[in-house]
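Engineer: One predicted model, sequence on top.
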Amino acid sequence: MDRKQMTGDPLTALLAALDGRQAVMWTALPATIISFDPVLRTVSAQVTVKAQATNRDGSTTWVQLPPLLDCPVFFPGGRGLSLTFPLQAGDEVLVIFASRCIDLWFARSGIQEQAELRMHDLSDGFCFPAVLSAPQAAARAPVSLDAAELRNAAGTTKIRLLNTGAVEVVTPGAVEVTAGSATVTASSVVVAATSIALNGVVSIAGELIINGQTYEDHAHTGVSDGTDISGGVA
């Protein structure tokens, strides 16, 4: 028999009852992704903190909790716009558990009744990606202290938004823009490249300067009639 059941102290008995209730009330747990559904935006995940189970003889054992299934993933968004990113098996996440059953809400949307009267249950998890353990965090590039960044784990490819108003795009790879049309409005644009290829019609409204020489006002030296080649630009 449990020693708590033998005590005559009401407070001890009450605290034991509260401890027992808290033991089956889930709030949030770290986990790793088992699989990701990019259509429904859900994951199956394995909790990475073991639970303590009490055996019949009063001894305790550490046990692995069952997989969490169909957890909706939190992607920041609003008004039909969202920030999404790929998830894969092994990614670390935080799963928080709703205080009531979410089954009918998830299946139908809108305001729904509770399919079951469970509370703080492992069946009602929401997944928050990229809550990292210390080893996983240390393996990635440190968080920038001067800019908001959208980046890869190594920090080699990133878009940086600074408080100065500047936006920086950094990548060792290619940058591709596909659009019906593109407009750049700026006081100046500088392009530094070993080669530039333009395919199609090029229209210039304004002055064209080549190597310091205004194109509209340039003239050629050594001009003569016939098939001779004129001299250079003056």
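Structural biologist: Noted; the coordinates are in hand.
Engineer: what are the ranges of the strands in the chain?
Structural biologist: Remark: strands assigned in the chain by DSSP state E are 28-37, 42-47, 51-54, 60-63, 68-72, 77-78, 81-82, 92-97, 125-129, 147-151, 158-162, 167-170, 209-210, 213-214.
Engineer: Could you export the ones you listed as a markdown table, including distance to residue 136?
Structural biologist: In short, each C-beta sits where N, CA and C put it, glycine included. Output for the strands of the chain, formatted as a markdown table (distance: least, C-beta to C-beta, whole Å):
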| stretch | distance to residue 136 |
| --- | --- |
| strand 28-37 | 10 |
| strand 42-47 | 15 |
| strand 51-54 | 22 |
| strand 60-63 | 22 |
| strand 68-72 | 19 |
| strand 77-78 | 25 |
| strand 81-82 | 24 |
| strand 92-97 | 6 |
| strand 125-129 | 12 |
| strand 147-151 | 15 |
| strand 158-162 | 19 |
| strand 167-170 | 23 |
| strand 209-210 | 52 |
| strand 213-214 | 57 |
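Engineer: what residue is smack in the middle of the protein?
Structural biologist: Central residue of the chain (C-alpha atoms, centre = their mean): residue 85, 5.0 Å from the mean position.
Engineer: who touches it in this structure?
Structural biologist: 75, 129 (C-beta atoms under 8 Å, 6 or more residues apart in numbering).
Engineer: And for residue 134?
Structural biologist: By C-beta under 8 Å, 6+ apart, residue 134 has no neighbours at all.
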